[in-house]
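Participant: predicted model and sequence below, questions to follow.
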Amino acid sequence: MTTTHQAIAPETERKTASSPPRSARIRRRGTATAICAALLALVLIGHASLPDLPGHLSSLAETLLPWTGLAIPALAAVALLRRSRMAAAALVLPVVAWLTAFGGTLTDKSSPGGDLTVVSHNVNQANPDPQGTVRSLLAAKADIVALEELSPDTAPAYERALAAAYPHHFYQGTVGLWSTRPLRDARAVPIMPWTRAMRATADTPKGPLAVYVVHLPSVRVGPTGFGSGARNDVAAVLADILRAEHAPRTLVMGDFNGSTDDRALRPLTSGMVSAQSSSGDGFGLTWPSSFPIVRIDQILVRGAKPTASWTLPATASDHLPVAARIDLTAVPAGDTGSPG
């Protein structure tokens with residue numbers, strides 16, 4: 001026994017001498033988690049200053065930015081499993097950053113009043129139930145309804161179904177507008193070789209309102225990145241058209257195939273007020289309708305004030321309809337009502 005003990009004692013001493021103290025091992029095993037927490041906070045706070053990544057990946061990251069909050073409980077679970085106080089303390093950074101960026105979005109920002117209720121819906125050209133979709137839209141009792149992704153086969157069906165409630169309408173290509181208020185100067189807007197945008201003037205008791213219905217090109221996520229080049233180019237064309245718009249009040253509704261956080265859409269969104277961001281409750285996610293992960297259907301105004309914004313119940317489309325209440329007499333602070 002003595003000989004055996006003497007044989008293994010030097011080896012035990014070498015292991016003990018080469019092993020770091022227990023406290024150092026605990027600190028080290030929480031380092032990676034703490035670094036991840038700090039990087040997450042940095043992205044949340046400074047995403048607008050980050051350089052454009054190849055393949056428009058910066059746009060994709062900003063579109064999905066609210067979902068970064070899911071990383072926080074994952075990091076918390078790792079910190080708990082690792083029993084790291086340092087990692088747990090570092091989680092304060094992304095929590096504060098996320099709440100700073102999105103905490104206000106979770107509150108109800110609606111206010112009483114408003115002159116018009118407007119609805120926008122990408123009805124999906126393959127919609128198997130146009131009649132049911134119309135019934136859902138009629139239940140909103142909107143003054144103005146904008147539809148996107150119409151087709152030659154479905155547009156007449158929507159026209160007939162909405163005619164009784166909306167005597168004034170115009171549609172061309174894949175977009176259309178139905179209104180209880182008289183429409184004039186209705187025309188297609190040339191943002192693409194085929195018609196995916198239109199403009200009309202709605203005569204309201206508070207004066208003329210320029211109404212645009214738009215459907216920007218689709219985007220794809222593939223091996224080369226975020227395929228949003230065509231959408232970005234068309235958005236820039238539309239932004240120029242809106243800057244030249246001289247109506248005292250402008251309403252833009254439609255499927256933007258992007259969120260208002262997407263940097264590539266800033267030329268279009270920077271001069272407008274988002275109904276959801278300014279008067280909604282929550283993120284108002286719209287696509288896909290079965291499990292919405294992003295809001296790509298937008299209602300923007302200039303020279304007026306949104307007082308409420310919400311999504312309508314799902315229809316047979318893959319998008320949720322969006323609605324807003326608009327005060328035509330109130331101009332938001334810093335908004336002169338003229339093009340930027």
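Facilitator: Thanks, I have the structure now. Numbering: from 1, shown residues only.

Participant: show me the chain divided up by domain.
Facilitator: Domain assignment for the chain by automatic domain parsing gives 2-102, 116-327.

Participant: who are the contact partners of the residue lying closest to residue 235 once chain neighbours are set aside?
Facilitator: Nearest residue to residue 235, sequence neighbours excluded (C-beta to C-beta, 6 or more residues apart in numbering): residue 268, at 4.6 Å. C-beta here means a position set from N, CA and C on the backbone, and glycine is covered the same way. Residues near residue 268 by C-beta atoms under 8 Å, 6 or more residues apart in numbering: 235, 236, 238, 239, 242, 256.

Participant: sort out for me which of those are in helices.
Facilitator: Per DSSP state H, helices hold the following members of these: 235, 236, 238, 239, 242.

Participant: so where do the helices sit in the stretch 51-200 of the chain?
Facilitator: Assigned by DSSP state H, counting those that start in this stretch, the helices in the stretch 51-200 of the chain fall at 57-63, 71-82, 85-90, 92-102, 130-139, 155-162.

Participant: including mean pLDDT and distance to residue 110, could the domains of the chain go into a markdown table?
Facilitator: Output for these, formatted as a markdown table (pLDDT from 0 to 100; distance: least, C-beta to C-beta, whole Å):
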| stretch | mean pLDDT | distance to residue 110 |
| --- | --- | --- |
| domain 2-102 | 81 | 18 |
| domain 116-327 | 96 | 4 |
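
Participant: and those domains: which comes nearest residue 108?
Facilitator: Proximity to residue 108, assessed across the domains of the chain by C-beta to C-beta, is greatest for domain 116-327 (4.1 Å).

Participant: the closest one: how far from the chain's middle?
Facilitator: Averaged C-alpha coordinates place domain 116-327 at 13 Å from its chain's average position (C-alpha atoms, centre = their mean, to the nearest Å).

Participant: before we move on, what about stretch 37-55?
Facilitator: Mean-position distance between stretch 37-55 and its chain equals 18 Å (C-alpha atoms, centre = their mean).

Participant: again with stretch 102-111
Facilitator: That offset, for stretch 102-111, works out to 14 Å (C-alpha atoms, centre = their mean).

Participant: returning to what we had before: list buried residues within the contacts of residue 268.
Facilitator: Taking 16 or more other C-beta atoms under 10 Å as the criterion, what is buried in the contacts of residue 268 is 235, 238, 239, 242, 256.

Participant: TSV for these, including distance to residue 278?
Facilitator: Formatted as TSV, the buried ones among the contacts of residue 268 follow (distance: C-beta to C-beta, whole Å):
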residue	distance to residue 278
235	20
238	20
239	19
242	18
256	16
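
Participant: of all pairs in those, which one is the farthest apart?
Facilitator: 242 and 256 (12.8 Å).

Participant: how much space is there between residue 270 and residue 236?
Facilitator: Separation of residue 270 from residue 236 (C-beta to C-beta, to the nearest Å): 12 Å.

Participant: do the same with residue 186
Facilitator: 24 Å.

Participant: with residue 301 instead?
Facilitator: Distance, residue 301 to residue 236, by C-beta to C-beta: 20 Å.

Participant: tally of neighbours for residue 35?
Facilitator: By the criterion of other C-beta atoms under 10 Å, residue 35 has 12 neighbours.

Participant: give the buried residues for the helix or strand containing it.
Facilitator: Assigned by DSSP states H and E, residue 35 falls within helix 31-46. By neighbour count on 16+ other C-beta under 10 Å, the buried set for helix 31-46 is 33, 34, 36, 37, 40, 41, 43, 44, 45.

Participant: got JSON lines for those residues, with distance to residue 80 too?
Facilitator: Listed next are those as JSON lines, based on distance: C-beta to C-beta, whole Å:
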{"residue": "33", "distance to residue 80": "10"}
{"residue": "34", "distance to residue 80": "14"}
{"residue": "36", "distance to residue 80": "15"}
{"residue": "37", "distance to residue 80": "13"}
{"residue": "40", "distance to residue 80": "17"}
{"residue": "41", "distance to residue 80": "19"}
{"residue": "43", "distance to residue 80": "23"}
{"residue": "44", "distance to residue 80": "22"}
{"residue": "45", "distance to residue 80": "25"}
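
Participant: which two from those residues end up farthest apart in space?
Facilitator: Of all pairs in the buried residues of helix 31-46, the most separated under C-beta to C-beta is 33 and 45 at 19.0 Å.

Participant: gap between the two ends of stretch 173-193?
Facilitator: Length of stretch 173-193, first residue to last, C-alpha to C-alpha, to the nearest Å: 11 Å.
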